[in-house]
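1. Need coordinates for the below:
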Amino acid sequence: MTSRLLLLVSIAILLVTTVVVALFGVVPLPEYETFASDKGFNGKLIYHVEFQSENIIPPAPDIMDSCIFFIDLSESPAQEKEVVCNSDLYNISYDMSFYDAQIHNDDQILLSYWDYRESNDSRVLIVDIESGIISESMDVPPLSENNRMNVYGEKLIEPWETTDYNSRLIGIYYVNRIDTIEVYNSRAPSNYYFESLHWSPDGDNIVAGDSENNLIIFSKNNLFTPVKIPLSDQKVDEKVELINVLGWTN
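-> Numbering: from 1, shown residues only. As a prediction, the model looks like this:
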């Protein structure tokens, strides 16, 4: 009798817990409009992705390739175009760093690598964004961190500084000379986040990557609701993982 009572109590607790989680514990993903070129956006979004194997053994998927792509926002429909991939550069070095890639002169990508063959030193490749032509120069400045400041002197706040995981709140914020300004705020699942915030060239819009492999565009002045550009799987039997956004160029 006691065992049967304990079983009924356990089932009741499980049912109540399930109902509570279903009602209060599940937070949906934020909703955005789908990108359309008729909103008048200009310039290119440059971003770094990894192509990963679909296998689940081992648990961590294998990284098959790292690539930099761009999307021209003035084109309709918006299409992803490849700039360069790690596999294109094996003849130069197997130690190419895509994680600290940077935009240079608005139309080039800087990639650092270690030259084991000749100088045994760190060197920099220059990749033309439009043509993909690769060159090397010692005259480029050293790679440095983006200060996330726009033409008005307003600075973006890192998303992790404003995320409240306990209340499941995420947001986009920036600071001017006096105040902290909220651009966007929403509830979201605990595993959802923004990263790699960058200003548009005119300083009025913000692009962010999210954990669902989307590029999200926000209006600083809330002139439009946020829009998303989903990244497509470029290769068969591999999944794409957005690593970071390099920037928004003219």
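2. Could you name the helices and strands sitting against the biggest strand by length in the chain?
-> For the chain, the strand that runs over the most residues, judged by DSSP state E, is strand 238-249. Under the contact criterion of 3 or more CB pairs under 8 Å, 6 or more residues apart in numbering; DSSP states H and E, strand 238-249 touches strand 44-53, strand 63-72, strand 96-104, strand 194-199, strand 205-210, strand 214-219. In this view, the C-beta of every residue, glycine as well, is placed from N, C-alpha and C.
3. Adding mean neighbour count and mean pLDDT, write these out as TSV.
-> Below are the helices and strands packed on strand 238-249 laid out as TSV (neighbours: other CB atoms under 10 Å; pLDDT from 0 to 100):
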stretch	mean neighbour count	mean pLDDT
strand 44-53	21	94
strand 63-72	19	94
strand 96-104	18	92
strand 194-199	21	94
strand 205-210	24	97
strand 214-219	21	97
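4. where does the protein have low pLDDT?
-> Low-confidence segments of the chain, defined by pLDDT under 70: 1-25, 37-38, 55-60, 137-147, 165, 233-237.
5. The residue positioned nearest the centre of it pairs with what?
-> For the chain, the residue nearest the mean C-alpha position is Gly209 (2.8 Å; CA atoms, centre = their mean). With DSSP bridges applied, Gly209 shows beta-bridge pairing to Glu195, Leu215.
6. Wait, it touches Val245, no?
-> Yes - using CB atoms under 8 Å, Gly209 is in contact with Val245, at 4.7 Å.
7. Any chance you could list residues touching both of those two?
-> Counting by CB atoms under 8 Å, 6 or more residues apart in numbering, the contacts common to Gly209 and Val245 are 47, 195-196, 215.
8. picking that back up, export the helices and strands packed on strand 238-249 as a markdown table, with columns for distance to Met149.
-> Formatted as a markdown table, those follow (distance: least, CB to CB, whole Å):
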| stretch | distance to Met149 |
| --- | --- |
| strand 44-53 | 18 |
| strand 63-72 | 22 |
| strand 96-104 | 15 |
| strand 194-199 | 8 |
| strand 205-210 | 12 |
| strand 214-219 | 17 |
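9. Which of those strands sits closest to Tyr152?
-> The closest of the helices and strands packed on strand 238-249 to Tyr152 is strand 194-199. By CB to CB, the value is 9.1 Å.
10. For the closest residue to Pro201 other than its chain neighbours, which residues are in contact?
-> Leaving aside its sequence neighbours, Pro201 sits nearest to Asn250 (CB to CB, 6 or more residues apart in numbering; 4.9 Å). Shown in contact with Asn250 (CB under 8 Å, 6+ apart): 42-44, 106, 201.
11. do you know how far Asn250 is from Ile133?
-> Counting by CB to CB, to the nearest Å, the gap from Asn250 to Ile133 is 19 Å.
12. Over to Pro201?
-> Using CB to CB, Pro201 is found at 23 Å from Ile133.
13. higher neighbour count, those two?
-> Between Pro201 and Ile133, counting by other CB atoms under 10 Å, Pro201 is the more crowded of the two (17 against 11).
14. Regarding the more buried one, what is its secondary structure?
-> Assigned by DSSP: H, G, I helix; E, B strand; the rest coil, the conformation of Pro201 is coil.
15. if I pick it, what's in contact with it?
-> By CB under 8 Å, 6+ apart, the contact list for Pro201 reads 42-43, 151, 248-250.
16. swap in Asn191?
-> Ser211.
17. same deal with the one 5 residues further on?
-> Listed by CB under 8 Å, 6+ apart, the contact partners of Ser196 are 47, 208-209, 244-246.
18. got it, and Thr162?
-> Contact analysis of Thr162 by CB under 8 Å, 6+ apart lists 170-171, 173.
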